[in-house]
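> predicted structure and sequence below. I'll ask about it afterward.
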Amino acid sequence: MPAVIELPEEIYRALESRARALGKDIVDVAIDSMVNLLDPKTRVEVYLKLYEKYLSEAEELYKRRDLSQSGEKYWGAVAALLNAIAEKKGWPHYSHRDYADIVEKLSEELKEPLGRLFASAERLHANYYHNFLTELNFEAHREDVLELLRKLKAL
């Protein structure tokens, strides 16, 4: 069961700054800083639980038409699945660049281009910060992300 903890303001600001620099959620940065203390199998399980959590939150926010927030949660679901896959394969997964590399490697392995679908996830992530997508384009990117998640989940 998730726990709520209080952090000193300085620690929170450091996490927030690191999250911005990595293009990640604060919770992801906090988890990443501790997850390496776990054994690899448990790390994969943690990332898969995060995937389920973020996807569920994304769908709930989407139903409420909070597109900016839901887009960020879809991004979180993609990142969590990429983390799980990379962890299983022993690949680095600490930055946007690592995620792009993972997608390229998986595309080669599957003989299927995943880059366009991943670009849609990045677009939803950027929309969280800048809120520039119309509903029409949000829908198109969301469909791409759901397709990417289906493909990644099958691995």
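Received the coordinates, thanks. Since this is a predicted model, take the numbers as computed values, not measurements. Residues are numbered from 1 along each chain as shown.
> when you work out contacts or count neighbours from here on, use the C-alpha atoms and nothing else.
OK.
> list the helices and strands the helix or strand bottoming out on mean pLDDT in the chain packs on?
Counting by mean pLDDT, DSSP states H and E, the chain has its least confident helix or strand at helix 26-35, which shows a mean of 84. Packed against helix 26-35 by the contact rule (3 or more CA pairs under 8 Å, 6 or more residues apart in numbering; DSSP states H and E) you find helix 9-22.
> so which bits of the helix it packs on are buried?
Going by neighbour count (16 or more other CA atoms under 10 Å), the buried part of helix 9-22 is 15-16, 18-19.
> make a markdown table out of those and add pLDDT and distance to residue 107.
Formatted as a markdown table, the buried residues of helix 9-22 follow (pLDDT from 0 to 100; distance: CA to CA, whole Å):
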| residue | pLDDT | distance to residue 107 |
| --- | --- | --- |
| 15 | 90 | 32 |
| 16 | 92 | 32 |
| 18 | 90 | 29 |
| 19 | 86 | 27 |
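> out of those, which is nearest to residue 126?
Checking these against residue 126 by CA to CA gives residue 19 as the nearest, at 13.9 Å.
> roughly how far does that closest one sit from residue 69?
According to CA to CA, to the nearest Å, residue 19 stands 16 Å off from residue 69.
> got it, and residue 98?
Remark: distance between residue 98 and residue 69 (CA to CA) = 24 Å.
> how far does the helix or strand that contains residue 46 sit from its chain's centre?
Element membership for residue 46 (DSSP states H and E) is helix 40-63. Centroid displacement of helix 40-63 relative to its chain, using CA atoms, centre = their mean, to the nearest Å, is 9 Å.
> same deal with stretch 91-109?
Put simply, stretch 91-109 sits 13 Å off its chain's centre (CA atoms, centre = their mean).
> which residues are contacting that stretch?
Outside of stretch 91-109, the residues within contact range by CA atoms under 8 Å, 6 or more residues apart in numbering are 22-23, 79, 82-83, 86-87, 113-115, 118.
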